[in-house]
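> could you work out the structure for the sequence below:
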Amino acid sequence: MALSPMNVSQLAAVDAARAARVLNDVRDATLSGRRGPVAPRPVIEESWGRMLRSGVDPEHDFRSGLLSREEVQRRREATPLRHVLPVLREGLLAVADVAHHIMVVADEDGRVLWREGSAPVLRKADGLGFELGADWREDVVGTNGVGTPAVVRRPVQVFAAEHFVRTHTSWTCAGAPITDPRDGRLLGVVDISGPLETMHPATLAWVDSVAKLAEARLRELHVNALERLRAVAAPVLSRLTGRALVVDRDGWTAAVTGWPYTDRITLPKSLSPGRRWLPPLGVCAVEPLAGGWLLRPAEEPESGGGRRIVLDLSQPRRWSLTVSGAAGDWSRELSPRHAELLCLLALHRSGISAAGLAREMFGDPGRTVTVRAEMSRVRRYLGELLEHRPYRFREDTEIEVLLPDDPLHLLPHSTAPGVRARRGTP
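You can find the predicted model right below:
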């Protein structure tokens, strides 16, 4: 009977060597364009497709420069992942060491910040370039248990020859993303890795469970921080008359008076004291508090016009939006999906319907629910600068789009038909 991808996964638990041989045949056949003994698992096949399109060499590994020890330490001190290291160590390390695995924690850029576990396996990892400060993004080193979960935003196990690069096929990894519970932003990936004979299909569920415990710990820390800020805000608000809002550094509400309660206010990335325009509040006086900001309404400018938006799509994976106006400037980094949407809106200055955006985004005009949900998120920070029915930027707003020099580099991983047409790719 022919093997299915699920059969191969089960086979790995009882006969790792045979499973590795089958997967090696699958890899060789797929990369040479032949039909193999079994189809790759969908998550692996999709990753291999991304690698082929981006030009990763399956026969030679590529190692970008390691971060310096000082830079690794700086990133350790800056990432929220440092708060959940005890959770990760308690949940993974005791078993990992005995089972000849290592635990690896990488940041959102795929840089390895912590490695712990079996000493012999750590030495083997050195030989693969799996070192502190190494870059294990998928588009750098191919399909792997750090880079691939970061791309697909879900747990992934990469067994033996499911790795795209041949030198990694003696290795097996299971990685799960860790996201910030406050805003869903990717913080990094926790991974359990080791020689192929040491791994088990159940490893993935184990790693995912511990990653979820880490996210729960981050959620608990956030609630505690809001409680502390609320205690600071109480005497301040008691002395004020009129409307006021106290939020943490990420815009989460700790206390409010005179305004309808809302969970979160979208703040510019680099907020500073003074007079600032903040959607959806309008122009506010911004004052610092310990651990957050005090926001109060300020006199509105005479006109809502005169604003300028710069949509910067010129740098790979560093897309941003900057708004300038009478109340000052603010900037925000964009997710891939929001970069696509705003790019399409900039191309359709006269406006585009939800069905039209769905066609431009997904090639399917029926996916209006998804489009409306995403546009609702965009409106949280663009506020009155974005109109709907149809969706468009306000007519009195100046729009500048910064594009890469080569059109092919415009949102290169986007599959949106409207973006691909702008790139001139089929």
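> any chance you could list what contacts stretch 181-188?
79-81, 105-108, 113, 150, 153, 177-180, 215-216, 218-219, 222, 250, 252 (Cβ atoms under 8 Å, 6 or more residues apart in numbering). C-beta coordinates here come from the backbone N, C-alpha and C atoms, glycine included.
> in it, what's buried?
181, 186-188 (16 or more other Cβ atoms under 10 Å).
> what is the nearest of the residues you listed to G117?
Ranked by distance to G117 (Cβ to Cβ), those are led by G188 at 17.2 Å.
> let me see the mean pLDDT of the longest helix along the chain.
Using DSSP state H, we find that the single longest helix of the chain is helix 203-238. On average, the pLDDT along helix 203-238 is 93.
> what is the subsequent helix or strand relative to it?
strand 244-248 (DSSP states H and E).
> would you agree V323 falls within a helix?
No. V323: not assigned to a helix; according to DSSP: H, G, I helix; E, B strand; the rest coil it is strand.
> check which element follows the helix or strand of the chain with the lowest mean pLDDT along the chain.
Using mean pLDDT, DSSP states H and E, helix 5-14 stands out as the lowest-scoring helix or strand of the chain, at a mean of 58. Downstream of helix 5-14, the first helix or strand assigned by DSSP H and E is helix 16-31.
> what angle separates the helix or strand that that next one is followed by from helix 16-31?
Downstream of helix 16-31, the first helix or strand assigned by DSSP H and E is helix 42-54. With axes from the mean of the first three to the mean of the last three Cα atoms, to 10 degrees defining the directions, helix 42-54 sits at 40 degrees from helix 16-31.
> packing partners for helix 42-54?
With contacts defined as 3 or more Cβ pairs under 8 Å, 6 or more residues apart in numbering; DSSP states H and E, the packing partners of helix 42-54 are helix 16-31, helix 138-141, helix 147-152.
> among these, which is the most enclosed?
When those are scored by mean count of other Cβ atoms under 10 Å, the highest mean neighbour count falls to helix 147-152 (a mean of 24).
> chain center to that one, what's the gap?
Centroid separation for helix 147-152 versus its chain: 9 Å, with Cα atoms, centre = their mean, to the nearest Å.
> check which element follows it along the chain.
Toward the C-terminus from helix 147-152 - assigned by DSSP H and E - lies strand 156-159.
> each with direction, which strands does that next one pair with?
strand 171-179 (antiparallel) (DSSP bridges).
> how distant is the helix or strand just after the partner strand from the center of its chain?
Next in sequence after strand 171-179, counting helices and strands by DSSP H and E, comes strand 186-195. Centroid separation for strand 186-195 versus its chain: 15 Å, with Cα atoms, centre = their mean.
> and the closest residue to S209 other than its chain neighbours, how many neighbours?
Leaving out its chain neighbours, the residue that sits closest to S209 by Cβ to Cβ, 6 or more residues apart in numbering is G91, at 7.5 Å. The number of residues packed near G91 is 21, by other Cβ atoms under 10 Å.
> how about G91, secondary structure?
With three-state DSSP as the criterion, G91 reads helix.
> just checking, it touches A216?
No. Counting by Cβ atoms under 8 Å, G91 stays clear of A216, with 11.5 Å between them.
> quick check: bridge partners of the residue most central in space within the chain?
Centroid-nearest residue in the chain: L186, 3.8 Å away (criterion: Cα atoms, centre = their mean). Counting by DSSP bridges, L186 forms beta bridges with T179.
> just put the buried residues of stretch 181-188 in a markdown table and tack on pLDDT and distance to A234.
Shown next, in a markdown table, are the buried residues of stretch 181-188 (pLDDT from 0 to 100; distance: Cβ to Cβ, whole Å):
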| residue | pLDDT | distance to A234 |
| --- | --- | --- |
| P181 | 90 | 25 |
| L186 | 95 | 34 |
| L187 | 97 | 31 |
| G188 | 97 | 35 |
